Each structure stands twice: as C-alpha cells, then as structure tokens.
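S.K.: okay, structure incoming, though there's no sequence with it:
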C-alpha cells in the first residue's frame, strides 16, 4: 500500500517529537566502582594502589555489585596532577568488562607515570546509553627511583645467601624503608618464604645487604620460614626462588605508603 505524502510527513513529525521528548528526560544513573584501600607496606597481601616493577603505578578497584544489572560495559580511568591550587584531570584509559581471561576489569597499570610526580586517579562507569554522573573516590601515589637487585641470581650452590641490591642516593626522595620479599616455587605457585623491613639510616650508602642469618638492628624480620640445620644456622633448601625489593616512604603509625617503587623480580635456583 502506497503511503500518502501527508501521512509520511505526519509520521516523521511524530518521530521527531518523540526524540525531543526523550531528550528532556535524563538517562538513569549508573553506579561507579570504588578503589580498594591501600594496605600497609608490611602486609603480606598487597592491595590497592601501588608501585609496579615496570616503573608504573598499579590501580585496583571493586566493581559495582549491580554492574551486570545496569549493563556497565567498562570504566574510564582519569589521571590528574595538582597545578597550584587546582587539579587538572584527563581520561587516560578505558578498561572493558568481560575482556577475557587474560584481562581483568578491576585493575589498570599506568605505564605513563613519571617518577617524583604525585598522580591522582578516579574512575567513571559507562554503558551503551550513558556515563556515570558521579566519579569514584580518588586515590594518589608517587613513584620514586626503583632499587636494582644484584644477587643472588641464576644457579647457585651457596645456600647461606646474602641479598644484595643497589639504591642510588636521591635527595628528592622521601624513601625511608626497604622491604625484601623472597618466594619459593612450590607446586606451580610462588609462596612467601622470607620478608624483611630495613630502615634507611644512612643515605650515603648505595649498596645494601640483608642476611638470612643475622642482621643489624636496622632490619626487622616480618616473616621467616627458612630452614635451620642442627647448629641453628639458616639455609635455603634446594629449589627455585624469586625475590624483590620495595622502596617506600614511611607513614606515621605504619599506615599505607603514598610513595615508593618496586625492583624487578630476580630469579635464582639453589642446586
């Protein structure tokens, strides 16, 4: 049936009117994620915003419980800096939900961060129709110069090891503690074996050493499951290991750090 010109024009007008009416109503709001609180530096389990070994800043958040119901497709990541008395933010990334097993929608690594600069972050959700009106909470972090681990590394036969690493003197850094984390590979996963905290008392020292047997009073052992022989001497059992050094700023009361860095992982095997 052929439609008359008058009827066709009437339908077009109705369609335009419908669009105008819809535009007068706001789309329903959608929920926003919340950043996971940063754990203190002496925690075995590291959560929240943190330094990343790739000279980057790691972000971690909790997705809204209603994400599926609201059709949330992902999150926009905003990064900002303080310029004088004002903050300036811009969107730096999009994190998609359900991107596959290799990707997580509750974390992001900011590889564009520079050292000695405090960055602030917040998130917004989006779906097919709208972007969240609210922002998430805001977190911040500053990268410092990262330690450079030296030994042990590779294949070794000496099981009474000294952990040696290099940290350059940097007057602009507030770094005050080193944390060493030693893991052993067991049944396909790495398990924590040794965890120490060393206070930096002399910034002129560049090469630092931590011993599995004895340390000075500047080093506190937070976890120790290293085996001992019949004479009470500690030794590393045969196996595959990895270790890392975190350099962090001290916060009063042992609170979460807001400045730091992480060395690369160093791997070694005790034969």
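M.R.: Cool, got the structure. Note that the coordinates shown come from a computational prediction; the quantities given were computed from them, not determined experimentally.
S.K.: where does the stretch 151-271 of the chain have low pLDDT?
M.R.: 170-173, 251-254 (pLDDT under 70).
S.K.: all the strands of it, residue numbers only.
M.R.: Secondary structure of the stretch 151-271 of the chain (DSSP state E, counting those that start in this stretch): strands at 154-156, 162-166, 175-186, 189-199, 207-211, 219-224, 227-228, 234-235, 239-249, 259-262, 266-270.
S.K.: angle of the longest one against strand 239-249?
M.R.: Between the axes of strand 175-186 and strand 239-249, defined by axes from the mean of the first three to the mean of the last three Cα atoms, to 10 degrees, the angle is 160 degrees.
S.K.: use 50 as the first number for this chain going forward.
M.R.: Got it, the first residue is 50 from now on, which makes the last one we talked about strand 224-235.
S.K.: how far does strand 224-235 sit from its chain's centre?
M.R.: 16 Å (Cα atoms, centre = their mean, to the nearest Å).
S.K.: and that strand, what other elements does it pack with?
M.R.: Using 3 or more Cβ pairs under 8 Å, 6 or more residues apart in numbering; DSSP states H and E, the elements in contact with strand 224-235 are strand 211-215, strand 238-248, strand 256-260, strand 288-298, strand 308-311. Every C-beta, even on glycine, is put in place using the N, C-alpha and C of the backbone.
S.K.: what's the answer for the fourth one, then?
M.R.: Using 3+ Cβ pairs under 8 Å, 6+ apart as the contact criterion, the secondary-structure elements in contact with strand 238-248 are strand 224-235, strand 256-260, strand 268-273.
S.K.: rerun at 6 Å
M.R.: strand 224-235, strand 268-273 (3 or more Cβ pairs under 6 Å, 6 or more residues apart in numbering; DSSP states H and E).
S.K.: now those strands in a markdown table, with mean neighbour count and distance to residue 160?
M.R.: Converted to a markdown table, the helices and strands packed on strand 238-248 look like this (neighbours: other Cβ atoms under 10 Å; distance: least, Cβ to Cβ, whole Å):
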| stretch | mean neighbour count | distance to residue 160 |
| --- | --- | --- |
| strand 224-235 | 20 | 21 |
| strand 268-273 | 14 | 30 |
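S.K.: buried ones in the helix or strand encompassing residue 143?
M.R.: Assigned by DSSP states H and E, residue 143 belongs to strand 135-145. Neighbour-count burial for strand 135-145 flags 141-142, 144 (criterion: 16 or more other Cβ atoms under 10 Å).
S.K.: contact partners for residue 270?
M.R.: Taking Cβ atoms under 6 Å, 6 or more residues apart in numbering, we find residue 270 in contact with residue 245.
S.K.: what's across from it in the sheet?
M.R.: For residue 270, the beta-bridge partners under DSSP bridges are residue 245.
S.K.: quick one: it from residue 261, how far?
M.R.: For residue 270, the distance to residue 261 equals 9 Å [Cβ to Cβ, to the nearest Å].
S.K.: now the buried residues of strand 135-145 as CSV including distance to residue 131 and pLDDT?
M.R.: Shown next, in CSV, are the buried residues of strand 135-145 (distance: Cβ to Cβ, whole Å; pLDDT from 0 to 100):
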residue, distance to residue 131, pLDDT
141, 16, 98
142, 20, 97
144, 24, 96
